[in-house]
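Peer 1: got a sequence here, can you model it:
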Amino acid sequence: MVEIIKGWDDAILLFINAHHNSFWDTAMWFASGTISWFPLYAFIIILLIVKFKKQSWLLILLIIPLIVMSDQLASGLIKPLLHRLRPSHEPNLDQLLHYVNQYRGGLYSFPSSHACNFFAWVTYLSVTTVKKIKWLPYLLIPVALFVSYSRIYLGVHYPSDIIGGAILGTFLGWVVSNIYAHYNSRLFFSTIKK
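Peer 2: Down below sits the predicted model:
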């Protein structure tokens, strides 16, 4: 079974990575960039402040431990524990892949930190804002999918790395959204009582 999954992983990765051109190279490089999404983050923070007003501070504040937890679990704990080489460092694959700007990423690949981080905050915000900003998931989920896809396109993650990261990130986002719901209701109702 493991060999079958590995075969699918390799085949899908090579198929996606092989369909490259200068336009998509630029787009996927942008999607994976550290600061590329800062305007979106700023827009989201402003939107939360406008829609949630005084209640927005807890909603925004919890994003920080969520991303730290997501990143540390994926990169700091699971990757070094599992030691799964990135395709760009895999001796049987590295010469078959197309690299953008000679980028090959770090040594280990499972799970994808990009997928984990993006799906964590996308899930968190989608769940916590569902009543006031119903359209937000329709903006954020495609962004998370685009970023995740870019990691395969760039040849630095297998599809299973993305799936694993997305599942872990979704779970963490759900957990932190429940923490927000618990503490926000206590803070909000204690303010009303005063």
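
Peer 1: distance of Tyr138 relative to Thr129?
Peer 2: Between Tyr138 and Thr129 the distance is 12 Å, computed by CB to CB, to the nearest Å. For the C-beta atoms, the positions are set from N, CA and C on the backbone; glycine is no exception.

Peer 1: please say which of the two ends up with more neighbours.
Peer 2: Thr129 (21 against 9; other CB atoms under 10 Å).

Peer 1: pLDDT at the more buried one, what is it?
Peer 2: Looking at Thr129, its pLDDT is 94.

Peer 1: so how far is Asn92 from it?
Peer 2: Taking CB to CB as the measure, Thr129 falls 44 Å from Asn92.

Peer 1: likewise His98?
Peer 2: 16 Å.

Peer 1: the two - which one has more neighbours?
Peer 2: Comparing His98 with Asn92 by other CB under 10 Å, the one with more neighbours is His98, at 13 against 9.

Peer 1: can you list the weak-confidence ranges in the chain?
Peer 2: 1-2, 187-194 (pLDDT under 70).

Peer 1: most centrally placed residue in it?
Peer 2: Against the mean C-alpha coordinate of the chain, by CA atoms, centre = their mean, the closest residue is Phe118 at 2.3 Å.

Peer 1: now the element after the host helix or strand of that residue, going C-ward?
Peer 2: Per DSSP states H and E: Phe118 is located in helix 113-128. The first helix or strand that comes after helix 113-128 along the chain, using DSSP H and E, is helix 136-153.

Peer 1: can you tell me what sits against that following helix?
Peer 2: 12-13, 16-17, 20, 24, 27-29, 31-32, 37, 40, 47, 112, 114-115, 118-119, 122, 125-126, 129-130, 157-159, 161-162, 165-166 (CB atoms under 8 Å, 6 or more residues apart in numbering).

Peer 1: now it: buried residues?
Peer 2: 136-137, 139-140, 144-145, 147-153 (16 or more other CB atoms under 10 Å).

Peer 1: identify the spatial nearest neighbour of His83, chain neighbours not counted.
Peer 2: Tyr108 (6.1 Å; CB to CB, 6 or more residues apart in numbering).

Peer 1: quick one: residues contacting the one you found.
Peer 2: By CB under 8 Å, 6+ apart, Tyr108 lies in contact with Lys79, Pro80, Leu82, His83, Arg84, Leu85, Arg86.

Peer 1: can you do 10 Å?
Peer 2: 74-75, 78-86, 89, 161 (CB atoms under 10 Å, 6 or more residues apart in numbering).

Peer 1: ok, Ile5 next?
Peer 2: Neighbour list for Ile5: Tyr158, Pro159, Ser160 [criterion: CB under 10 Å, 6+ apart].

Peer 1: which of these ranks first by neighbour count?
Peer 2: Neighbour-wise, those (other CB under 10 Å) top out at Tyr158, 27 neighbours.
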